[in-house]
Each structure stands twice: as C-alpha cells, then as structure tokens.
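J.: Let me see the structure of the following:
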Amino acid sequence: MSKNLVIVESPAKAKTIQKYLGSDFDVKSSFGHIRDLPKKGMGIDLATFTPDYEVSADKKKLVADLKSAVKKADVVWLASDEDREGEAIAWHLAQELKLKEENTRRIVFHEITKNAILKAIENPRKIDQNLVNAQQARRILDRIVGFEMSPVLWKKVRPGLSAGRVQSVAVRLIVEREKEICAFEPMPSYKVEGIFLNEAKQEISAKLKKDFKTEKEAENYLSACAKTEFKVLNVETKPGSRTASAPFTTSTLQQEASNRLGYGVTSTMRVAQRLYEEGFITYMRTDSVNLSQEAIHDAKEQIIKEYGENYSKPRNYTTKSSSAQEAHEAIRPTDFSLKSVGDAQLNKLYQLIYKRTLASQMENAKIEKTIIEIGDKDLVQNFEAQGEVIIFDGFLKVYGIIQNEDEDAETDSKILPKVKKGEKLNPKKIEATEKFTKPSGRYTEAGLVKKLEELGIGRPSTYAPTIQTIQTRGYVEKKEIDAKTREILKMTLVNSEIKKEILNEKFGGDKNKFVPTDIGIVVNDFLTENFNEVLDYGFTAKVEQDFDDIANGTEAWKDTLNSFYGNFHPKIEHVQENADRATGERLLGVDPKSGKNVYARIGRFGPMVQIGETTDDEKPIFASLISNQNISTLTFEEAMELFKIPFDLDDYEGQKVLVGVGRFGPYVKFGETFISLPKGENPLAVDNERAIEIIKDKQIADAPIANYKGEPVTKGTGRFGPFIKYRNIFINVPKKYDFDNLSQNDINELVEAKLEKEANRYIQQWEDEKISIENGRWGPFVKFNKAMFKIPKKKDDTKYEADELKDVSLDEVKKWIVAQDKNAFAVKKNLAAKKPAAKKPAVKKAPVKK
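T.: This is a model prediction of the structure:
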C-alpha cells in the first residue's frame, strides 16, 4: 500500500492524476461532497448559524472506505478544485475523516498536466478557511432563503413551489422582459434604400442614415428623388482595425458556445468538465481573463510556427469585474501544439477554446473602410454606401467574427466599386419600406448568463445550476412563439414613377428563448411585492460581494448571516400573517348564460378558467388552459371556447372517442386509452379525421415489434429516452443498440438482462404493503412507497447479511420504518371538511375584457 493518499472529487480526475503520480501515490475520489446539510429540515441552528452537516446514506460506504485508506497512509493530499466549492470539499473531508493537520496537505492546480500536478505536490498549503467560510455562508444563506420563503409560497400561492435567492432573481429578469414585450407599442417609420449604377454599370447599394416618420414624408422624398441628378458627393477612405476578444471566462464560454455551437449552458459545462478532467484545458470555472506567462510564451511559439512572426502579438488581459480573481487563469488549452482531441463532441468545444486563446495573442486585423456619399445639394438627405476590405487578416485567420442576433443585421462589410467625386450615378431603384420598432428580445440561455454577470448576480459556478433550476421548477420554459402577420407599405421609385404595394410581414415569432409560465409570473409578482429587497438586483449583487469579502478575509461570515437574517425573518413572519393569496386572477367578463363572472387564474393543477365563485352554493365550472395560452393574455372569447372541452367525436372501431384536456395536457381518448396530442396542437381543432390519424399512429407505435417467450414486446420513447416494454417492465435501450432496427437477439439480450437484474433486486417484497427489502449500490435498504430507509444494525452491533434479511418479518420491517419516520403509516385526515366556510365576497361585475 502506498504511503501517499490523494483525494480528488471526481473519478475521471483521479484516473488522470494517478497516471502522472505513479505507484507511490494512491488516488481516490470522493464523488463530490461527502457531507452536506440534511435533505429534511433546516439543518441550521439559527441562533448561532451553526450548520448540522451529515453524511448522506449513499456516501456512508464511500466514507468508510476513505477512512480505511487514511489509516494506511502516512500523508493525505486533498486535491479538490481550487474554487470555494473545492476548498469546502477538502475541509469536509478533513473534518469527517478526522485528518491530522501535520499529516494533511492541501494542493491546488488549474490544469491537470504532469508539470502542474508535480508543482502542486512541491508547493502544498493549508486549507484556506476564508474560502471555506465563503462557501458555507452561501450554502447557509441560500438554505435559509429557500426553507423560509418556500412555505410562504405553499400557503399563499400553491403547494410544492420553491424560492431561491438567485433563481428568483433570474425568473424576475425573464418575467420583466416578457411584460416589457407585451406592453411594447411598435412605432412605424420608413427606411429608404437605393441601388445606383456608376458609369461602368456596376451596382452600388446605399441607404439614408435617417428614417422618415410618416408615409407622406417618405413619398415626398421619393418624388424629389425622381427629379434629381445623382452624383458622388464625396468618397472617404480610412484605415481601421479589429481586435481579438480576450480568452474565455466561464460566462463568455457559455455565451460563445451557445452562439457558435448551439450548446446550452449545462451541456457546455458538462463537456468543459470532461476536457478539464482529461487534461486538455485549464479549470473551467473562472471569472479571470488572465493568462500565465508560460501560456503566453507557448501561444506565441505556436503562432509564429504556424502563421509567421507578423501574426504574433503577445498581450496580457485584465478583468473588468472587481470580484474576479486574477490569481486564476482564463480557460485555455494546456498544450498549444495539440490542435484537436479525438472525441467529436469534446473536440467542438476544444476547438472553440483553442482558437479563441490563440487569437487573443495575435495581431489585430487591418481593414480599409470606404464611405461614398450619393445625392444632390437640394435633397434633404443624401445616401451613404459603406464597404470595407480586409488588408491584413491578423487574428481573423484563426477566429472569425460572427454577428449576434441583437446586433445590426444590416452592417455593411461589402466591397464597393471604384468611383470618383463628381461622377454621375443612375438610380436603378429607390425603395421606401415601412418598418416597425422592435422590443428587446427574449433571453436565450447565453443572454441570461450575460445579464446576470452584468448585474453581478451569481458566480461562474452558479450560472448553469440556476438556469437548470428555473426550468425544472416550471417557472420558465423554452417554447416556440408563433409569428403574427401585419401589413406594411412599400413604395418603389423606378423610371421616375412611384409604385405602392402592400406586403405581409411576419413579426413577434421566437424559438428556443425563455418565456415565463403562468405560475412563474404569479410567483414572481408575489415575491417582488412582498420580498422586494431580496429580489432587488442591487441587493443580490451586494450579497455576492459579501461572499467575496468573506473569501478575502475582510468580513466575518456569521456577521453577514446575522445581518441578513435579522431583516429577513421578521419579513417572513409579516408576509405569512398578512399577505393575500396570489392566484394571478383576472376577471375576463360575465358568462351570458349564467350571468356569473368568468376568471382566469392558477389552480391546483395549473392555469385555468372558472365560471362562478368558489363560495357560491353551486360549484364553479372549470376548464384548463391549453399549451399556447396564458392567464395574462387570455381573452374572454378564448376562455369561453375552453368550456367546449371535453367534446365527443364519432365512434371509431366500436369505441367511444372524445377530446379533452387533463393534468398533462390535451388528449384524445379512444375507449380507455389516453393519447396525448402532439406538442402545440390545439385540441379545439381536432375533428373526426384528425382523431383517427392520432389513434392509428398510436396503434402503430404500440404494435408489438417482437415476442419474448410467446409474449409481445413493444417499444417507445419516454422521458428517459428509448425503451422496450415486456409485460409491465420498461427496459431502457442503450445507445449501442440500433433502436430503429432492433433484432430478435437484441430483444432477448435486453429482456434477459433486465429480468436477471430484477431477480437480484429484491431480497423480500410485500407488494400489497408496497414495502420491500432491496439490494442497492451501497448495500441493502428498505423501500416503502417511494421512500428509502436504512436497515439498522443487529443487537450485537453487526450488519445484517443478505441471507439473514430473507427471514425478517414484515412487522419488524415496519418498526424500522416507523423508527425513522413516525408518520409513515399515519392515516391522512380530510382537513378540508374541518375548514370553516369562507365569507362570500361581493360579486364583481366588469365589462368583457379582450
């Protein structure tokens, strides 16, 4: 056994480091944090802000193995990542494994290369308690916010909701942008563009720098153009340059991977993590654009070797953000001579990082910009044509510039024909086209990261989890917004005549952008009204700065928590007691049949419309909204249409057919089978013909693809990917199989492997009681419904063997469950029956709102 034990947080990282350190070192992985705040309960003493950390059940065997390895080692090297989270992992390891300070070394490195690892071993340090405390402060403050605000949402909005310090601010950004878009009033103007021919009959495209506000102004200008002799009033040529961007930080990598590769933030970080752990790039969670002198030197050598000395321009970049840690480096390749990596997915992101870093050390691109002014002294405005020529490509040789969608799409970079001042030009065509102003665009993942960074909210390690959380919670979604159509006027001057035509223009459509859900809007409005300070952008950024100050050792972490909680908790109590329930309720109008009010609001299972009051003797009538509708924009007419659902269609194959909307969306019901409508399809538009199509598609999809021992096997694609189904067993189909062309041998192999696994899964099972003793990854456990419970030790303080568990009685297992959850078998009482009847509010009357 080696006398040096190295503990890292990732098995992939462990494998790479073991290769560099050799047999004198034993490298093991902690698989992330080995302990954390408990999953149930606050886990914090709020009087002293002392956390009650615990080792989770799935980590106990791992911790026992690490403790055993520690006993056999002379020196323990804690080599988790160099950020605050990594420092906290090292600290938790030291605490839980009871490491002696004199035998413990903390090492850090920002790249997993042999030189970096050996250098770290030569320069160990102690655990930085300031970094640990900064991580503890974030973890505890976020736990407090989540655990105290979420129950308020359960009581005032809907059970099962959650709030978080950063996630709620991210949702606020998206909700406010959507409200801004809905309130936006587009303003028309007329953009004038012309095509002119020079003496050599070459075309020159030009436009006016200023638009006209009205149709009359634009038409008058075209009339003036009809009488004008156009000539070149001026030709200006001036040199220019373009400079390369700095190397990547976490946020700029996420933004650029989105723009160039179409990667989501989570995908980008997953691939970057692999590149780092396999030793190809430096640490991928950083807010610094700094490069080491060694990296600058290596990049220079590679540039000169590949492109020549005139392309090299070594430079240092400094980070604008005050919170950035310049001791860290930007994300860069560890070896500039390695131009690509073998794995195709890894290579796409590696190439982006490689080229961006190399370009940052290259000469500026030199361009020549030409501006031609076209017109006449009598015109109120003259035309301008712009073009440019690249004289020296510089960094563009490696890393071109792409245009973002929020940049001017009409920026000219064309080459213009040669003309001279005073040269007469013939107007081939001049057009005045009606244009409308546009609201700010909805956020993409990359755009949201950029905004959070600008506001100082979150840090490199938090962007991806935040974006994941707000989608998982159902507060925002990426959805396709259908474009609307409007008429625009186009006036064209050709041969001294003005021709007018009406065109159709698509506008307002969006794809793969964040849109708030109804529940997201209601929760946001409730929180901003009642917890405005917590959701304030400046306040959230200030909390991040407090964490930075703790990490720098200039602020005491418990003082920060005490100051926050002293203001926060009284507000929680006040809102719990005094705030009204929030449903996002809108009064849409009055039902002409019953004379009762029609509302749109959030219900138990999502957004819905309601005829009548909940306090009326006669129960209200409800209908669910469909996928492309939301409470804030629903019209009275659209709401009344929803009450036509469910509706019957003609019978098919002797079975009843109806269309309805349920908890999981619109469906066609065929006999006893529910068939979900394709995403975005309007259930009100489903007729007999369309319903039969949907039923036939389902019948084809559910038809057996094979048999196993005389019983049918079907296939499908579900939430977790492709599967086959045998009896009532769902069997995932790994990527190594051709899902579209599964052979009988493939079916046999998949079913038999699953049956063998299931046979080994249960030690004992009581199906009627929904209780079982099962084999798990870390040993046997008890399962009751969906909850998992530990198996206690025997009276002699030893663990049960699997064979012994086969003889344990059901009553004994129930005692184990009750010992861990005293309410596990409690009968739920019907509390609703005990609630006093609410006072009947005055009936609201309102004109129909569209």
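J.: where does the stretch 351-500 of the chain dip in pLDDT?
T.: 402-413 (pLDDT under 70).
J.: cutoff 50 now
T.: 405-411 (pLDDT under 50).
J.: can you give me the helices for it?
T.: 445-454, 463-472 (DSSP state H, counting those that start in this stretch).
J.: same deal with the stretch 651-800 of the chain?
T.: With DSSP H, counting those that start in this stretch as the criterion, the stretch 651-800 of the chain has helices at 688-702, 744-761.
J.: For residue 71, which of the ones you listed is the nearest?
T.: helix 744-761 (32.4 Å; C-beta to C-beta). From N, CA and C alone the C-beta is placed, and that goes for glycine too.
J.: Which positions within that closest one qualify as buried?
T.: 746, 747, 750, 751, 754 (16 or more other C-beta atoms under 10 Å).
J.: how near is residue 526 to residue 473?
T.: For residue 526, the distance to residue 473 (C-beta to C-beta, to the nearest Å) stands at 14 Å.
J.: Compare the two (neighbour count), which wins?
T.: Applying other C-beta atoms under 10 Å to residue 526 and residue 473 shows that residue 526 carries more neighbours, namely 23 against 19.
J.: In the helix or strand containing residue 815, which residues are buried?
T.: In the assignment (DSSP states H and E), residue 815 maps to helix 810-820. Using 16+ other C-beta under 10 Å as the test for burial, helix 810-820 gives 813, 814, 816, 817.
J.: Which other helices and strands does it contact?
T.: Judged by 3 or more C-beta pairs under 8 Å, 6 or more residues apart in numbering; DSSP states H and E, helix 810-820 is in contact with strand 771-774, strand 781-784, strand 787-789.
J.: Show residues contacting it.
T.: The contact list for helix 810-820, computed with C-beta atoms under 8 Å, 6 or more residues apart in numbering, reads 764, 766, 769, 771, 773, 782, 784, 789-792, 824-825.
J.: try 6 Å
T.: 766, 782, 784, 789, 792, 824 (C-beta atoms under 6 Å, 6 or more residues apart in numbering).
J.: Most widely separated two among those residues?
T.: 766 and 792 (18.5 Å).
J.: what comes up buried for the longest helix along the chain?
T.: In the chain, taking DSSP state H as the definition, the longest helix is helix 129-156. For helix 129-156, burial by neighbour count (16+ other C-beta under 10 Å) applies to 130-149, 151-153, 156.
J.: Tell me which helix or strand comes right after it.
T.: helix 165-183.
J.: helices or strands next to that next one in the packing?
T.: helix 463-472, strand 510-516, helix 518-530 (3 or more C-beta pairs under 6 Å, 6 or more residues apart in numbering; DSSP states H and E).
J.: So which residues make contact with the helix or strand just after that helix?
T.: Per DSSP H and E, the first helix or strand lying C-terminal to helix 165-183 is strand 188-197. Here strand 188-197 makes contact (C-beta under 6 Å, 6+ apart) with 203-208, 211-213, 218, 374, 383, 425-436.
J.: Which of the residues you listed fall within strands?
T.: 203-208, 374, 383, 425-436 (DSSP state E).
J.: Of the residues you listed, just the buried ones, PyMOL syntax please.
T.: Buried subset of those, written as a PyMOL selection, criterion 16+ other C-beta under 10 Å:
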select buried, resi 204+205+206+207+208+374+383+425+427+430+431+432+433+434
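J.: Local confidence estimate at the closest residue to residue 533 other than its chain neighbours?
T.: Spatial nearest neighbour of residue 533, chain neighbours left out: residue 539 (5.4 Å); criterion: C-beta to C-beta, 6 or more residues apart in numbering. If you check residue 539, the pLDDT there is 87.
J.: Check which helices and strands the helix or strand hosting residue 539 is in contact with.
T.: Following DSSP H and E, one finds residue 539 within helix 537-551. Here helix 537-551 touches helix 129-156, going by 3+ C-beta pairs under 6 Å, 6+ apart.
J.: which other residues reach stretch 479-486?
T.: Against stretch 479-486 from outside (C-beta under 6 Å, 6+ apart): 504, 505, 506, 507, 508, 509, 510, 511, 515.
J.: Noted, bye for now.
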